[in-house]
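**Student:** No sequence on hand, only this structure:
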């Protein structure tokens, strides 16, 4: 039997395993009813059938029936982009497959040929081609053609008569199996079969990846395929950086830029050095169900040709991420007329406003950076308040503490093992943060942004304002008075209030269907606390997950305290980490924790039998427990930039790839 036939047989085994489980339950049920007296069997038959066969059938259906979430996108018709469709038609002919039914432009940097399958891919259906807008922004026709041809070739009988079935089955099983709950009794056998199926299918799937690369190379050229293999992970990494450093902070603060994809284009044009570094890295495996061989193996398996090295290919204008290449090459403009307009249409569906305020990129970045500093300041003030035994609410009180020496005493209390120099550094960080915030609130300084690095605080009139030097001076009690005098002279109001409402909390993860003090509850984990939302009744798990995802996307408002008027859901309560004194794991086999709260009753939390997670919720919860059970420092925030101007620590740009 060929590898493809074995893969298809293993795929069919999923359906057989599911049916065998139900047949065994049905046989056991029949045997029990046969042994009972007829009168008892008649009375017990219906409830016993529901309790056994019905429960097993429902568990099996839950295990195998996972609704596929289609990515948000804009359908591009032939009359909208005829030359792009010509490219797709030619790729389909080269791959030996039918032309996709629809072409949908999506936000992620990737190409996917999705098939709406049934029975774990055993039965095919409508095929859609999803093409990422970042690829249309950054690539010319040759690379686009190579990427599209590769994806369509997965469904080509030229690879093997079993290749289309094997590929769509692999995709379907890889999507379903990781989502089978560990508490689902029908999932034990299915997960075991999945491990066997993966071992059988992996060699065949990897051969098909290499064969699809060769088909793409025959159609679009070896150099184009090699460039796609190096560029695609790099573009995805740059998009993650863009979301983390530019779009995400403003989004969580309640603002959205008026041209999301225009900002991504600027990042691609400005950060050629990061793109070069990413091109030279081996992409990380996407997971146990990933079918792609290592990059070096894929490149070596291409037909002989002059494949440039990664460093050489990154020097070409198109690959470098330069404005000339990234800012819509002429050929790409012809493929998709008015690409910026398509980007704005995609933004409406991929990044729905949802109550956020639409602003320019400069406004969005400024608001986001200030919101980050406000969050850091709130956490630091809460920690200092506990250390000194009094409520410290703003920069003026912090400088008062510095003047009478209590700020240093508080730092020594919070960091008992720190050296005097380390304690001084933390004091300077805090003072720099407070003075930068006061200057921003007073309108004395503004943010200056860069698409290539960190933002920085500068004077509104361009004057040099060395906040780092002021923070160092304010760390010494004898010079605080002169610092206060200088701040007053230049117009910094230390009592200036923060903006209305403050920023929303970024959400790190969520847990669904917990019991909190015996009540069914959903929970979002933010950077500064836990939002507890009254849960929905059992059986409404999908609705609970959608609701929590909506709240997470909107951000958790600052005002979310017990029973707030602005709570995302009636009865919600926000539990700040600053009020938590510790977390204790409950004994027993079933997980549970008691959260001890300052000046209040503790909270007991346990996962219900149908508990689920959102956005990596369990990892976020484990991180929160480690944080709450460890030493919680004052948040280091503002530190001097290369020019001596204070900038927030959270603004440093990193490659997330």
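**Tutor:** Perfect, I can see it now. Keep in mind the model is a prediction, meaning the values are calculated, not measured.

**Student:** what's around residue 420, how many residues?
**Tutor:** Using other CB atoms under 10 Å, residue 420 has 10 neighbouring residues. Every residue, glycine included, has its C-beta placed from N, CA and C.

**Student:** check contacts around residue 525.
**Tutor:** Going by CB atoms under 8 Å, 6 or more residues apart in numbering, residue 525 touches 507-511, 617, 620-621, 624.

**Student:** Residue 528 now?
**Tutor:** Contacts of residue 528 (CB under 8 Å, 6+ apart): 375, 378-379, 505, 576-578.

**Student:** Is residue 452 in a helix, a strand, or coil?
**Tutor:** coil (DSSP: H, G, I helix; E, B strand; the rest coil).

**Student:** backbone phi and psi for it, please?
**Tutor:** Backbone dihedrals for residue 452, given as degrees, to the nearest 10, come out at phi -110, psi -10.

**Student:** just checking, it touches residue 269?
**Tutor:** No: at 9.9 Å, residue 452 does not count as touching residue 269 under the criterion of CB atoms under 8 Å.

**Student:** Which one's more surrounded, these two?
**Tutor:** Per other CB under 10 Å, whichever of residue 452 and residue 269 has more neighbours is residue 269, with 20 against 13.

**Student:** what's the helix or strand harbouring the more buried one packed up against?
**Tutor:** Remark: residue 269 resides in helix 260-270, with elements defined by DSSP states H and E. Taking 3 or more CB pairs under 8 Å, 6 or more residues apart in numbering; DSSP states H and E as contact, the helices and strands that helix 260-270 lies on are helix 133-138, helix 222-242, helix 323-326, helix 339-350.

**Student:** Return the set of buried residues in that helix.
**Tutor:** Within helix 260-270, the residues that qualify as buried are 260-261, 263-270, counting by 16 or more other CB atoms under 10 Å.

**Student:** Are we agreed that residue 607 is in a strand?
**Tutor:** Yes: under three-state DSSP, residue 607 sits within a strand.

**Student:** how many neighbours does it have?
**Tutor:** Neighbour count for residue 607, taken as other CB under 10 Å: 20.

**Student:** can you check residue 156 too?
**Tutor:** 21.

**Student:** Please report the distance of it from residue 149.
**Tutor:** 10 Å (CB to CB, to the nearest Å).

**Student:** what touches both of the two?
**Tutor:** Common neighbours of residue 156 and residue 149 (CB under 8 Å, 6+ apart) are 95, 215.

**Student:** From residue 607, how far out is the closest residue in space to residue 246 that isn't next to it in sequence?
**Tutor:** Nearest residue to residue 246, sequence neighbours excluded (CB to CB, 6 or more residues apart in numbering): residue 263, at 5.9 Å. Applying CB to CB, one obtains 39 Å for the distance of residue 263 from residue 607.

**Student:** can you check residue 143 too?
**Tutor:** Distance from residue 143 to residue 607, by CB to CB: 46 Å.

**Student:** what does residue 145 give?
**Tutor:** From residue 145 to residue 607 the distance is 49 Å (CB to CB).

**Student:** What of residue 446?
**Tutor:** Look at residue 446 and residue 607: by CB to CB, they are 47 Å apart.

**Student:** Over to residue 150?
**Tutor:** 42 Å.

**Student:** ok, now residue 574?
**Tutor:** 21 Å.

**Student:** Show me the strands in the stretch 551-657 of the chain, by range?
**Tutor:** When assigned using DSSP state E, counting those that start in this stretch, the strands of the stretch 551-657 of the chain occupy the ranges 573-576, 580-585, 593-597, 603-614, 638-640, 646-648.

**Student:** just for the stretch 351-500 of the chain, where's the confidence low?
**Tutor:** 462-464, 499-500 (pLDDT under 70).

**Student:** Do a quick rundown of the helices in it.
**Tutor:** 361-388, 395-403, 406-414, 420-442, 467-474, 480-490 (DSSP state H, counting those that start in this stretch).

**Student:** closest one to residue 613 among these?
**Tutor:** Set against residue 613 and scored by CB to CB, the helices of the stretch 351-500 of the chain come closest in helix 361-388, at 23.9 Å.

**Student:** tell me what that closest one is packed against?
**Tutor:** helix 248-252, strand 255-257, helix 395-403, helix 406-414, helix 420-442, strand 445-448, strand 646-648.

**Student:** deepest of these, which one?
**Tutor:** strand 646-648 (a mean of 27; mean count of other CB atoms under 10 Å).

**Student:** For it, give the mean pLDDT please.
**Tutor:** Taken as a whole, strand 646-648 carries a mean pLDDT of 33.

**Student:** again, but for stretch 128-141
**Tutor:** 92.

**Student:** for stretch 594-602, same thing?
**Tutor:** 79.

**Student:** Kindly report the same for stretch 149-159.
**Tutor:** For stretch 149-159, mean pLDDT rounds to 82.

**Student:** Which positions within that stretch qualify as buried?
**Tutor:** Buried, per 16+ other CB under 10 Å, within stretch 149-159: 149-156, 159.

**Student:** Tell me which residues are up against it.
**Tutor:** 91-92, 94-97, 100, 111-113, 115, 127, 129, 163-164, 167-168, 208, 211-213, 215-216, 219-220, 225, 228.

**Student:** Check stretch 478-496 too.
**Tutor:** 394-396, 399, 402-403, 434-435, 438-439, 441-444, 465, 470, 473-474.
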